[in-house]
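> Got a predicted model here, sequence first, then my questions.
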Amino acid sequence: MTLARRLVALARRAYAYTQTEATPPAWQPDRIDAFTTPGFMGFAASDDRAAYLVFRGTKLHLDSHESFLATLQAWLTNLDYAQIEDDGCLVHRGYARELDEVADRLAEMAQDHALGGKPIYLTGHSAGGALATLAARRLHAAGVPVRAAVVFSAPRVGDRNFAKTYPVPLVRIEHRHDLIPHLPFPPSLARIVGHGLVDRVIGALDWLAPALERYRLARTEYVHAGELFYDDGSEALYRVPPGQYWSRFGPILRQELEADLLRRGEGPTAEAYRAAICPRWATPVPARLMDGVRLSTTLAHIARQARARRLDFLFDHHIDGALAFIDRIERITR
């Protein structure tokens, strides 16, 4: 929990980054170095125990001509959902191009901050989480000792092969009614929306169709990588990967039911949950159930608010929601 709190605080602080105010007051790094991409920025920080590479998400700042251009570039990057080949996978072209601009610098900074065999963690919120997800894979391939990536409310980055072969631990933390993690659309929804709307529009634009061919939505394949902890507003739900629910949690569920309903024996121990790779404070949920419910409930919630002319759902994407989630978990585990 100490690590989670540090990472969410770093991701949060990236939105208000200055050289002297990059980290929470409770922890000050020994070193800090900044980097910028065409539309985003971030920093590397380290102490005697670990190193951290932090990416900022999309920020609206229009106080100067340069900041306006950076904001425009960030939004163009987010919208550039065409997929390109990257180390045997298909990935989001916009995010890949952002990282291409700083590939050498990121590798050098990561290696420099991780001297002595220190682990390095990557983090970010929203688009920053997407950049951290892709950067962690690339840095691992370059020999950088990436221990894990922890991202908050991050959109999808790559295809099924990207998710299947992701080489380091990746933890995603998402909040209810947050639409951003559902973007770009997963394959089934992309086919429906693509064939029904987007691809038809592209096909109708004869003079632009060749340039927009790579944006045919039905041809994209975006799948989340890593493990998901989902904040439903009252408890933490852990998404169990497809096909693993009964093998990993069947004995635990049976023991829970016997203890709660039949009063036979004790409930499962914390060691049983650890063996199943799930903390005691989280409720394991089969992937198909969670995937089938989350998007539909999110869209229904947004539709209700839209009819009431409210935009409260936008706050569900804010980084403070992840911070409140970790606060709640800490209270549970004390």
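Nice, thanks for sending it over.

> in this structure, which helix has the most residues?
With secondary structure taken from DSSP state H, the chain has its longest helix at helix 287-307.

> Going by neighbour count, list what's buried in the next helix or strand after it.
Heading C-terminal from helix 287-307, the first helix or strand you meet, by DSSP states H and E, is helix 319-333. Residues of helix 319-333 classed as buried: Ile319, Gly321, Ala322, Leu323, Phe325, Ile326, Arg328, Ile329 (neighbour count, 16 or more other C-beta atoms under 10 Å). Yep, even glycine has a C-beta here, placed from its N, CA and C like the rest.

> Verify the stated contact: the fourth one with Leu10.
The reference is to Leu323. No. Assessed by C-beta atoms under 8 Å, Leu323 is found out of contact with Leu10, at 11.3 Å.

> buried set for the worst-scoring helix or strand of the chain on mean pLDDT?
Sorting the helices and strands of the chain by mean pLDDT, DSSP states H and E puts helix 209-212 at the bottom, at a mean of 79. Neighbour-count burial for helix 209-212, counted by 16+ other C-beta under 10 Å, picks out no residue.

> circling back: among the buried residues of helix 319-333, which one lies nearest to Val168?
Taking C-beta to C-beta as the measure, Val168 sits nearest to Ala322 out of the buried residues of helix 319-333, at 20.3 Å.

> Tell me where the stretch 1-150 of the chain has helices.
2-13, 65-79, 93-100, 103-113, 127-141 (DSSP state H, counting those that start in this stretch).

> how about JSON lines for those helices, with distance to Gly39 and mean pLDDT added?
Output for those, formatted as JSON lines (distance: least, C-beta to C-beta, whole Å; pLDDT from 0 to 100):
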{"stretch": "helix 2-13", "distance to Gly39": "17", "mean pLDDT": "88"}
{"stretch": "helix 65-79", "distance to Gly39": "4", "mean pLDDT": "82"}
{"stretch": "helix 93-100", "distance to Gly39": "6", "mean pLDDT": "96"}
{"stretch": "helix 103-113", "distance to Gly39": "15", "mean pLDDT": "92"}
{"stretch": "helix 127-141", "distance to Gly39": "8", "mean pLDDT": "96"}
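
> Comparing these, which comes out most buried?
Highest mean neighbour count of the helices of the stretch 1-150 of the chain: helix 127-141, a mean of 26 (counted as mean count of other C-beta atoms under 10 Å).

> Which neighbouring elements make contact with that helix?
Under the contact criterion of 3 or more C-beta pairs under 8 Å, 6 or more residues apart in numbering; DSSP states H and E, helix 127-141 touches strand 51-55, helix 65-79, strand 89-92, helix 93-100, helix 103-113, strand 120-125, strand 146-152, strand 170-175.
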